[in-house]
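[1] with the input below, show me the fold.
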Amino acid sequence: MELQLQDLRKQYGEKCAVNNVSANLAPGIYGLLGANGAGKTTLMRMICGVLKPTSGSICLNGKTVEQLGEQYYTHLGYMPQDFGFYPDFTAREFMLYMAAVKGLDKKLAKKRTENLLHMVNLSDVADKKIKSYSGGMKQRLGIAQAELNSPAILILDEPTAGLDPKERVRFRNLISDFAKEKIVILSTHIVSDVSYIADTILMMKEGHFLLQEPMSTVTDSIRGKVWELLVDERTAAEYSRKFSVVNLHHENNMVRLRMIEETAPGEDAQAVEPSLEDLFLYHFGEEAEQQEER
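    Numbering: from 1, shown residues only. Below is the predicted model:
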């Protein structure tokens, strides 16, 4: 199984949302990282056929979407960022409805519905109306419907947005369970959601890929550039003005600073192991701060 993206481009007037993106994706979990507006959702919508590319092609095992026609969509499972539910449906009714939309026969639809509701821990509330569900329950129902047709390609757009830490851990575990022998593309700007489960990181900025790297080597580019330093509060304020401080922690009237700089920002600075969050902030520091402010 291979999903091939070749010079994909999406233009809206003068704005280029996705700019000549290419990648060959084999089974595994791909963490699609980027600040809001980087082009992640546009890219995923093109892969799912919701949007038509301005130029470029999408191929599955060497055949284009156009050549495959409806057959292509039988391989897809999609959970959009703003997933629409019918609030007066129960979870079971909704799953059976979505199974019919996807063309599953009634016997298989019932079996898949029961199995998936069990997997996402919704069996006990399967006959309650969706409008009574918490955000986490709705997200779990969202991934269950995406899995109904046993897709080879599972696309999840910001699936953990708005969830509390416990729900996010549960959701990550669900994704890992579903990911066996699939191509899973997980889009997020919450770095910790992919740092634990992704095999490969796709980092996107201004419509193109900054990098496509295995998780095991993705931070190599900033190795030797991440530093920690313990200073007093006055010095911490000075360093924050002069350097790229990515984390600040108060310890017994002192402040531990974590910084990304090409060279040591002080005599006592110690080089530390870089993290995926460090890499994200290295590329998106200003955008990440603006998102938090908003």
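[2] beta-bridge partners for the most centrally placed residue in the chain, please?
    Residue closest to the average C-alpha location in the chain (C-alpha atoms, centre = their mean): residue 187, at 2.1 Å. Per DSSP bridges, the residues bridged to residue 187 are residue 32, residue 157.
[3] any idea how far residue 161 is from it?
    10 Å (C-beta to C-beta, to the nearest Å). (Each C-beta comes from the backbone N, C-alpha and C, glycine too.)
[4] follow-up on the earlier one: does the residue nearest to the centre of the chain really touch residue 156, like I thought?
    Yes: the pair residue 187 and residue 156 passes the contact test of C-beta atoms under 8 Å, sitting 6.9 Å apart.
[5] would you map the helices across the stretch 151-294 of the chain?
    Secondary structure of the stretch 151-294 of the chain (DSSP state H, counting those that start in this stretch): helices located at 165-178, 191-195, 233-242, 276-293.
[6] okay if I get the ones you listed as a markdown table plus distance to residue 116, mean pLDDT and mean neighbour count?
    Converted to a markdown table, those look like this (distance: least, C-beta to C-beta, whole Å; pLDDT from 0 to 100; neighbours: other C-beta atoms under 10 Å):
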| stretch | distance to residue 116 | mean pLDDT | mean neighbour count |
| --- | --- | --- | --- |
| helix 165-178 | 9 | 84 | 16 |
| helix 191-195 | 21 | 86 | 21 |
| helix 233-242 | 48 | 91 | 13 |
| helix 276-293 | 30 | 70 | 17 |
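[7] same list (the ones you listed) but as a markdown table, adding distance to residue 118.
    Shown next, in a markdown table, are those (distance: least, C-beta to C-beta, whole Å):
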| stretch | distance to residue 118 |
| --- | --- |
| helix 165-178 | 12 |
| helix 191-195 | 24 |
| helix 233-242 | 50 |
| helix 276-293 | 32 |
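[8] which one of those lies nearest to residue 219?
    With C-beta to C-beta as the measure, helix 276-293 is the member of the helices of the stretch 151-294 of the chain nearest residue 219 (5.2 Å).
[9] for residue 152, what are its contacts?
    1, 75, 181-183 (C-beta atoms under 8 Å, 6 or more residues apart in numbering).
[10] what subset of these is buried?
    75, 182-183 (16 or more other C-beta atoms under 10 Å).
[11] need the residues you listed in CSV (columns: pLDDT).
    CSV is the format used below for the buried ones among the contacts of residue 152 (pLDDT from 0 to 100):
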residue, pLDDT
75, 94
182, 94
183, 96
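[12] of those residues, which belong to strands?
    residue 183 (DSSP state E).
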